[in-house]
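**Student:** compute the structure for the input listed below.
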Amino acid sequence: MMNEIVLAESQSLRCSLCTDNNTSILDNVGTLVTLNGTDFVTTVNVAKFYQVPKNTIEYTVKRHYEEFVSDGYKVFKKKDLQNWHNASLKIPNRGLALFTKRAVLRCGCILRDSIVAKNVRTYLLNVHDSTMQSNVLSQIAQQLNDNALCLAKHTQELVDHSRFVVAIVTEVNKNQQEIRFLHDQVKTNYNEIQNLKKCLAPAECITTNQIEILKAEVKKKGHPNRIWKRLNKHLGVSSYKNISRSQFNKALRWVKSF
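**Tutor:** Numbers count the residues shown, from 1 in each chain. Okay, the predicted model is just below:
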């Protein structure tokens with residue numbers, strides 16, 4: 001907590017604390033006498049309240065006149081106070097200075113040689129510290145609330161992302177199943193094609209050495225062109241070079257028997 005003397009020295013701090021809401025502090029430190037039916041206080045009663053001479057209050061107002069005027073302090077003309085006149089109130093011809101409770105509170109902020117004023121400042125600073133703590137707590141509460149809202153937002157985003165990821169994983173698994181199925185189909189078709197190729201592939205033709213053996217036998221017989229034509233027709237090939245190896249022995253026996 002700051003020292004109460006700071007309040008006596010800082011006009012900005014006084015302005016922030018001398019409010020109508022804080023005038024109730026005056027009841028905590030003494031009895032303030034107001035004019036009947038009003039909240040106005042005479043200079044004499046302000047001096048009695050703070051237990052200081054009247055001229056001390058007048059000097060204080062003179063030094064900080066603008067502050068007191070802003071609080072509602074005013075010197076009323078005698079004619080303006082006729083409605084308030086009673087036997088206990090003497091109104092000078094020059095008028096009468098009257099303080100509002102806020103202006104009385106400001107006196108307590110400024111007067112140094114007054115125990116009552118010191119108590120007023122202590123109360124005000126307690127209010128100030130309480131308000132500051134309340135503001136800090138409110139700021140912390142607001143920050144926590146903002147953090148909670150932000151966390152809730154991020155949590156919802158994570159939930160949405162999780163759902164999106166689950167959907168993607170499900171789609172990927174589905175696609176993987178379809179890919180495996182297609183892979184099996186392709187493999188099956190490939191095997192079938194290979195089997196068909198084996199079935200449809202032409203038999204291997206006779207070797208060069210086997211051709212030479214046939215040529216040698218044909219040469220022995222003479223009339224090679226006629227023998228070749230008849231051999232091709234007999235075996236169902238377009239040329240003796242296309243004779244399959246499995247037919248070689250048959251072709252060789254045919255040529256020898258020609």
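
**Student:** next up, the contacts around the residue nearest in space to the middle of the chain.
**Tutor:** Nearest to the geometric centre of the chain sits residue 150, at 5.1 Å (CA atoms, centre = their mean). The contact partners of residue 150, taken as CB atoms under 8 Å, 6 or more residues apart in numbering, number zero. Backbone N, C-alpha and C define where each C-beta goes, glycine included.

**Student:** and the residue nearest to residue 128 when sequence neighbours are not counted, what does it touch?
**Tutor:** Spatially, and ignoring its direct neighbours in sequence, residue 128 is nearest to residue 17 (5.9 Å; CB to CB, 6 or more residues apart in numbering). Residue 17 is in contact with 7, 109, 124, 127, 128, counting by CB under 8 Å, 6+ apart.

**Student:** pretty sure the third one contacts residue 7?
**Tutor:** Yes - at 6.3 Å, residue 124 and residue 7 qualify as touching, with contact defined as CB atoms under 8 Å.

**Student:** mutual contacts of the two, please.
**Tutor:** Jointly contacting residue 124 and residue 7 under the rule CB under 8 Å, 6+ apart are 17, 109.

**Student:** so where do the helices sit in the stretch 101-250 of the chain?
**Tutor:** 101-110, 115-200, 208-221, 224-235, 248-257 (DSSP state H, counting those that start in this stretch).

**Student:** what's the least confident stretch among those helices?
**Tutor:** Lowest mean pLDDT within those: helix 115-200, a mean of 81.

**Student:** residue 12: helix or strand, and which one exactly?
**Tutor:** Assigned by DSSP states H and E, residue 12 belongs to helix 11-17.

**Student:** check the gap between residue 194 and residue 218 for me.
**Tutor:** Using CB to CB, to the nearest Å, residue 194 is found at 39 Å from residue 218.

**Student:** and these two? which has more neighbours close in?
**Tutor:** Neighbour count, other CB atoms under 10 Å: between residue 194 and residue 218, residue 218 has more, with 19 against 10.
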